[in-house]
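Visitor: Sequence and computational prediction follow.
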Amino acid sequence: MLARTLLAPACLTAACLGAALHAEAPNLSADPQGRPGSVAQLVLAQQAYQTALRQGEVLALLSAIRLARGISQRPATGWTLETLGKVLPDAPAGKPAAPQPGGETAMLIARNLAGEDPDLQDLVYALDAQLPGTHQDTALVASSDLAPGQTDVWTLPLFGEVLAEIGLIGDGDGPLTLTVADESGTPLCTRPPGSQPRLCSLTPARNGFFTVAIGNGGTTVNSYRLLAN
């Protein structure tokens, strides 16, 4: 009778033991599949766009615009946001969010870089007149402003055995950190402080809610866009 009393509270069934191990294991697939998707393409387009502006290269700029225009963006729904840390009352404002390569501002810059060169003008005109494809990939996007010393924690759902991409594009004023964690708080992807566009790619093992933490270690308010597929 004593033995039964001692054993009763213990979780000895295979299902119970499996659930305990399941809860402790990081929510990452053991056999991730998939190719780079919509968010990876937008992050690449942003990186190419910024490089083209620094170098004043119109052909590189047109390539960045073409990449960005290949992805349809729509506002994210179902994401929640919690901001941690106090706002510094005297924190200087940063720049607006970084211009998107697929926007009209990028085309205006391309026209200016083309100058009076008829061949370059034709390339700019052809790209500007190009209609978007009917089967574009889609990326979800949310925007926020983050004060120095603060951290934004986004919570969003991801699907099991489906490649997930999380992209971060800041305004370039200062460094941002990026950390993606599963429902238990286990970090699955981290990116150190930096001002360049960043990407985290991972494949969850199962459906769940994941957190995306963005920290501002700079000295100015940073406007950023968060992307997910």
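Guide: Thanks, I have it. Numbers count the residues shown, from 1 in each chain.
Visitor: in the chain, which helix has the most residues?
Guide: Counting residues, the longest helix in the chain under DSSP state H turns out to be helix 38-55.
Visitor: Beyond that one, next helix or strand please.
Guide: Using DSSP states H and E, the helix or strand that follows helix 38-55 in sequence is helix 58-69.
Visitor: packing partners for that next one?
Guide: Other helices and strands packing on helix 58-69, by 3 or more CB pairs under 8 Å, 6 or more residues apart in numbering; DSSP states H and E, are helix 38-55, helix 104-114, helix 118-129. In short, each C-beta sits where N, CA and C put it, glycine included.
Visitor: Now with 6 Å, please.
Guide: Here helix 58-69 touches helix 38-55, helix 104-114, going by 3 or more CB pairs under 6 Å, 6 or more residues apart in numbering; DSSP states H and E.
Visitor: Find the residue at the geometric middle of the protein.
Guide: Closest residue to the average C-alpha location of the chain: Gly167 at 1.6 Å, with CA atoms, centre = their mean.
Visitor: got the angle between the helix or strand containing that residue and helix 38-55?
Guide: Assigned by DSSP H and E, Gly167 belongs to strand 164-170. Strand 164-170 runs at 30 degrees relative to helix 38-55, counting by axes from the mean of the first three to the mean of the last three CA atoms, to 10 degrees.
Visitor: And strand 164-170, what does it pack against?
Guide: Packing partners of strand 164-170 (3+ CB pairs under 6 Å, 6+ apart): helix 38-55, strand 176-181, strand 198-202, strand 222-228.
Visitor: Can you add mean pLDDT and distance to Thr151 and give these back as TSV?
Guide: Compiled in TSV, the helices and strands packed on strand 164-170 are given as follows (pLDDT from 0 to 100; distance: least, CB to CB, whole Å):
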stretch	mean pLDDT	distance to Thr151
helix 38-55	95	21
strand 176-181	98	8
strand 198-202	96	15
strand 222-228	96	12
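Visitor: Quick one: end-to-end length of stretch 200-211, please.
Guide: Start-to-end span of stretch 200-211 (CA to CA, to the nearest Å) is 12 Å.
Visitor: Need the contact partners of it.
Guide: Contact partners of stretch 200-211, identified using CB atoms under 6 Å, 6 or more residues apart in numbering, comprise 27-29, 32, 153, 155, 157-160, 163-166, 180-183, 188-189.
Visitor: make it 8 Å
Guide: Applying CB atoms under 8 Å, 6 or more residues apart in numbering, the contact partners of stretch 200-211 are 25, 27-30, 32-34, 36, 40, 153-167, 178, 180-183, 185, 188-189, 191.
Visitor: Around Ala93, how many other residues sit close by?
Guide: For Ala93, the neighbour count with other CB atoms under 10 Å is 12.
Visitor: Chain neighbours aside, what residue packs nearest to Tyr224?
Guide: Gly170 (4.3 Å; CB to CB, 6 or more residues apart in numbering).
Visitor: Single out the most deeply packed of the helices and strands packed on strand 164-170.
Guide: Among the helices and strands packed on strand 164-170, strand 222-228 has the highest mean neighbour count (mean count of other CB atoms under 10 Å), at a mean of 23.
Visitor: coming back round to it: list the residues that contact the residue nearest to Tyr224.
Guide: Neighbour list for Gly170: Ala98, Leu176, Ser195, Pro197, Asn222, Ser223, Tyr224 [criterion: CB under 8 Å, 6+ apart].
Visitor: Kindly give the local confidence score, pLDDT, for Leu2.
Guide: Leu2 carries a pLDDT value of 36.
Visitor: go on, the one 4 residues further on?
Guide: Taken from the predicted model, the pLDDT recorded for Leu6 is 34.
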